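K.L.:
take a look and give me a structure for this.
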Amino acid sequence: MRARNLAVVLDAIHRTGPHTRAALAERTGLTKTTVSSLVADLLEAGVVTESGAVRGGERGRPGVAVSLSGHRVATLGLEINIDYLAACVVDLTRTVRLRRTRPADNRSSNPAEILERLRDLAKETTAEAESAGLRVIGAALAVPGTVEGGVLRSAPHLGWRDVRVEDVIDLPLAIDNEANLAALGELWFGSRDTDFLYVSGEIGIGAGLVVGGTVFRGTFGLAGELGHVVVVPDGPACRCGGRGCLEVYAGQDALLGPLDSVAALVARLESGDPRALEACERAGHALGVALTSAVHLVDPGRIVLGGIFARLFPWLEGPVADGLGARLGQMRGTPPALVVSGIGADAAVLGAAGLVIQRILADPAEVLGL
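P.N.:
Numbers count the residues shown, from 1 in each chain. Take a look at the predicted model:
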């Protein structure tokens, strides 16, 4: 009962706070004595703080406001991507306190070597956070592949199969697909809409469907493999074994061609280079075809383009929107809004850190050992 009440009080502070203790008692239906005891525990754990006098729940009497604290407790987000490793530390107010990225070529790599580098990055970032007075209490890891029971079952671009990564750091660690976590990152740190389809453009292309503030994962956790939707049935071979997949036309490798970075592609686009413009036109057309099927199937209100698609949005928006409008026709009327991610390439690592924050808010007694 006490654990449930701690969660109820913390949720009220998070969703509609700051509140006085009297106002919390009124909102939660708990007694003032119970609320005072619970707030004292949360204060001791460092997850809430008290500030100056405000008008409270009792007539005419000022009280002290209780709000989430960003000063003591934090979470760690980690990401393994094809060409980089990333880490970020986020406090309970969802303020990013540290962000670190290490460029790397992780294609067809040795899992042990990459996980050792990730471990070093996590230790370095955690130590820096602790030197700033933060206690990092948990972590989550975004990976470019399918996950089951803490095991990375398949990450074709990494060349990994059945890799267990739970013991990579000395913290409780969750692991999830990067597109799912990027969608949650957009939910918690970006647009904060509760219903949208997030499309993550990287070397692979994934998607996360957020419905009512929750990611839809499918029966086996494999929902969102947009990159392997077929857009040209007799098209070029894809590394998945199929032909004509979206990834072949709109993945990072297809967009860059001989260029070595997204920054180089953006520079070419800004200068009006015909080949760069043609690559984006082709990618946008293919993306419009794939998204038409997604819209017919799941009917999202908004489509958010993230990852490298966020940087290329000015050149992709037109072709994607034209493709959607032409194919949806009169069946749907107005196509869903097509928008750019508010957090770009950081979405997955922020979503990973946010996942741990959500677990604290849902069960502070368990996570914090109260």
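K.L.:
grab the nearest non-local neighbour of Leu76.
P.N.:
Distances taken as C-beta to C-beta, 6 or more residues apart in numbering place Ala139 nearest to Leu76, at 3.9 Å, with adjacent residues excluded. The way it works is simple: take the backbone N, C-alpha and C, and place the C-beta from them, glycine included.
K.L.:
tell me which residues in the host helix or strand of that neighbour are buried?
P.N.:
Assigned by DSSP states H and E, Ala139 falls within strand 135-143. The neighbour-count check on strand 135-143 (16 or more other C-beta atoms under 10 Å) flags 136-143 as buried.
K.L.:
avg pLDDT for it?
P.N.:
Per-residue pLDDT values across strand 135-143 average out to 95.
K.L.:
show me what that strand is packed against.
P.N.:
Here strand 135-143 touches strand 73-80, helix 111-131, strand 173-177, helix 178-189, helix 347-362, helix 364-368, going by 3 or more C-beta pairs under 8 Å, 6 or more residues apart in numbering; DSSP states H and E.
K.L.:
what lines up beside it in the sheet?
P.N.:
Strand 135-143 pairs in its sheet with strand 73-80 (parallel), strand 173-177 (parallel), by DSSP bridges.
K.L.:
which residues touch Val320?
P.N.:
Contacts for Val320 (C-beta atoms under 8 Å, 6 or more residues apart in numbering) come out as 284, 287-288, 291, 305, 338.
K.L.:
quickly name whichever of those is closest to Asp83.
P.N.:
Leu305 (19.3 Å; C-beta to C-beta).
K.L.:
so the closest one touches Phe196, yeah?
P.N.:
No. Leu305 lies out of contact with Phe196 (C-beta atoms under 8 Å); the separation is 10.8 Å.
K.L.:
who has more neighbours, those two?
P.N.:
Neighbour comparison, Leu305 and Phe196: the larger count goes to Leu305, with 26 against 23 (by other C-beta atoms under 10 Å).
K.L.:
quick one: secondary structure of that one?
P.N.:
strand (DSSP: H, G, I helix; E, B strand; the rest coil).
K.L.:
gap between it and Leu255?
P.N.:
13 Å (C-beta to C-beta, to the nearest Å).
K.L.:
may I ask which helix or strand of the chain has the lowest mean pLDDT?
P.N.:
Within the chain, no helix or strand scores below strand 48-55, which has a mean of 73 by mean pLDDT, DSSP states H and E.
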